[in-house]
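Engineer: make a model of this:
(2 chains)
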Amino acid sequence: MIDVRALRRDFGGIHALAGVDLHVAPGERRAVIGPNGAGKTTLFNVLTGELRASGGTMRLGDTDLGALTTWQRARLGLARMYQRNELFDPLSARENLLLSVTSVRGAYRAFRSPGDGEVAAANVILGRVGLEDRAAVRARALSHGERRQLELALALARRPRVLLLDEPTAGLSPAETERIAALIAGLDRSLTLLIVEHDMDVVFRLADRITVLHEGRAIAEGTPDEIRGDRQVHDVYLGKAVET
Amino acid sequence: MLARAAIVLLAWIVLATFPQWSGSWDSSRFAAGIIRQVLIFAIFASSLNLLVGYAGLPSLGHAAFFGGGAYAAAIAAQRLGTDELAVSLGAAILGAALLAVVVGFLAVRALGIFFLMLTLALAQMVFAIAFQATDLTGGSNGFSGVHRPVLFGVDFNAANDLYVLVCAAFLLVGLLLWRITSSTYGRALVGVRENERRMRALGYDTRTLKLSAFVIAGASAGIAGALSSYEFRFVSPNDVALGTSVTGFVMVLVGGAGTLLGPILGAAVVLLIERVLPSALPAQTVLGIVFIVFVVFAREGIVGAVRRLARA
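Structural biologist: Numbers count the residues shown, from 1 in each chain, chains lettered A, B, ... in the order given. Have a look, this model is predicted:
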């Protein structure tokens, strides 16, 4: 589903991505882990087109993403849950979701309000992430945990084929983390997930396979058990994350 | 919704029949003239509000489309030798829209303050053209002797007839903007205003979306420009100048950006200060003070302040 080869991104003389290869099968749940500065968020930004690649190729299914803009990639079925919430703050949770739902049919309906079907679809997603009681509350007034739920809902409402999750549990309490992790675990298995996450319990719970990124390269890939036993991974990352 | 539509329609009828029911007043003719000008500038400010208030695009060059429309209406009527409303108004809408496509195509590539500076610079170029193309525009002398239009043989030459035309145009543009801003399209513009990055990630081509809003706003400003040329029988480079852009911007901010009623109230406040205040008072100073008071104490304008009071 995702086929990334020799992907590079330079910032001046710094190689944030120094030739990353990544192959994710349809329906697979892949975690990308690594220390801060390993290039995880840069990888997401290049995949969504918010940053231009310096070299290498990316494919989503059969489509080469290289020449496509961010919105074209979104229309192909690539969605993203941002690490820092990207919401429409003055709008209610339902209005937020309507913007995601209506994007499927496009914005150029200057004389028509969103259809009943679209409102219903927005309500369904609200229910799925547990925000049905908060539908009329402005995004700005939601708690941080609820805002993360809305952030996830925004990414899901367009029915993507591939979902990039950038630290879905960032800044959440244990109870909120459990809630988001359960939501992600319960997603349809046909959806391909790419998860960047620092909470190793969440990673080992959600991921089918794990890729370890270090200094802009994928230094290891395997099942959670394989990664847990990998000495190199231990040295660069897991040792710190697990023991502290 | 229906009750609100009824109130709006009733208010409009009262407004549109003002010259009739106020006929016995001493200052009826003067007041009707002020109302015409308020409505013309209300159309202008409302069109700018689609950009500033809804799409979050702070344009400082909107006079280019107001004046561009005014010139297009006057020139088309003169060159084609007709006073038909469809010709001059059509030329104004088309001319302003085409100009907005060109200006917007360049401007929507920039964000925030850079968008503002780019619209300012491009509008100054339009001003320079209006100033220098003497054969077409009359240059610094302006374009005088503009005829008032004719529709289906009805002549809008008399002040009271022109009044009806301006009221009708105001209603139509107002209803159009009302429908647009509450539609799926208008919601998408608000989405761009609030978080363009997320809109792109949701699959919206935000650049084209912004350009389309720019063209709708430009064409609407062109309608106001054409009406202004009928009203004053005169078009001058002042109509495309920075001062007119700023006046529109002040109207939007004083009235309340992002609300439908705001720019209309803003146009009324600004024009009443400029035209009705006793001449002993310096109008521009008063306007400046009013503007400062709103920016400091009521950033959401008249409509925002009233809403806040109503809630408290």
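Engineer: please compute how far stretch B:208-216 lies from its chain's middle.
Structural biologist: With CA atoms, centre = their mean, to the nearest Å as the basis, stretch B:208-216 stands 16 Å off its chain's centre.
Engineer: residues contacting residue 76?
Structural biologist: Picked chain A for this. A:60, A:61, A:63, A:65, A:68, A:161 (CB atoms under 8 Å, 6 or more residues apart in numbering or on different chains). No exception for glycine: its C-beta is placed from N, CA and C like everyone else's.
Engineer: actually, chain B is the one I wanted.
Structural biologist: Applying CB under 8 Å, 6+ apart, the residues near residue B:76 are B:87, B:88, B:90, B:91, B:92, B:95.
Engineer: so which of the contacts of residue A:76 sit within strands?
Structural biologist: Among the contacts of residue A:76, DSSP state E puts A:60, A:63 in strands.
Engineer: from the contacts of residue A:76, keep the buried residues only.
Structural biologist: A:60, A:65, A:68, A:161 (16 or more other CB atoms under 10 Å in any protein chain shown).
Engineer: just checking, which helix or strand of the chain averages the lowest pLDDT?
Structural biologist: All of this is about chain A. helix A:239-243 (a mean of 55; mean pLDDT, DSSP states H and E).
Engineer: let's do chain B instead
Structural biologist: When the helices and strands of chain B are scored by mean pLDDT, DSSP H and E, strand B:154-155 comes last with a mean of 84.
Engineer: for it, the distance to its chain's centre please.
Structural biologist: Mean-position distance between strand B:154-155 and its chain equals 25 Å (CA atoms, centre = their mean).
Engineer: got a list of contacts for that strand?
Structural biologist: B:148, B:161.
Engineer: please repeat the previous calculation with a cut-off of 7 Å.
Structural biologist: residue B:161 (CB atoms under 7 Å, 6 or more residues apart in numbering or on different chains).
Engineer: now do the SS call for residue A:23.
Structural biologist: strand (DSSP: H, G, I helix; E, B strand; the rest coil).
Engineer: quickly note the distance from it to residue A:194.
Structural biologist: Remark: distance between residue A:23 and residue A:194 (CB to CB, to the nearest Å) = 11 Å.
Engineer: have a look at the two and say which one is more surrounded.
Structural biologist: residue A:194 (26 against 15; other CB atoms under 10 Å in any protein chain shown).
Engineer: now the element after the helix or strand containing that one, going C-ward?
Structural biologist: If you go by DSSP states H and E, residue A:194 is part of strand A:192-196. Downstream of strand A:192-196, the next assigned helix or strand under DSSP H and E is helix A:200-206.
Engineer: in that following helix, what's buried?
Structural biologist: So for helix A:200-206, counting by 16+ other CB under 10 Å, buried means A:200, A:202, A:203, A:205, A:206.
Engineer: and which of these is nearest to chain B?
Structural biologist: residue A:206 (21.7 Å; CB to the nearest CB).
Engineer: for the residue sitting nearest the centre point of chain B, what are its contacts?
Structural biologist: In chain B, the C-alpha nearest the mean C-alpha coordinate belongs to residue B:44, at 0.2 Å (CA atoms, centre = their mean). Listed by CB under 7 Å, 6+ apart, the contact set of residue B:44 reads B:66, B:221, B:224, B:248.
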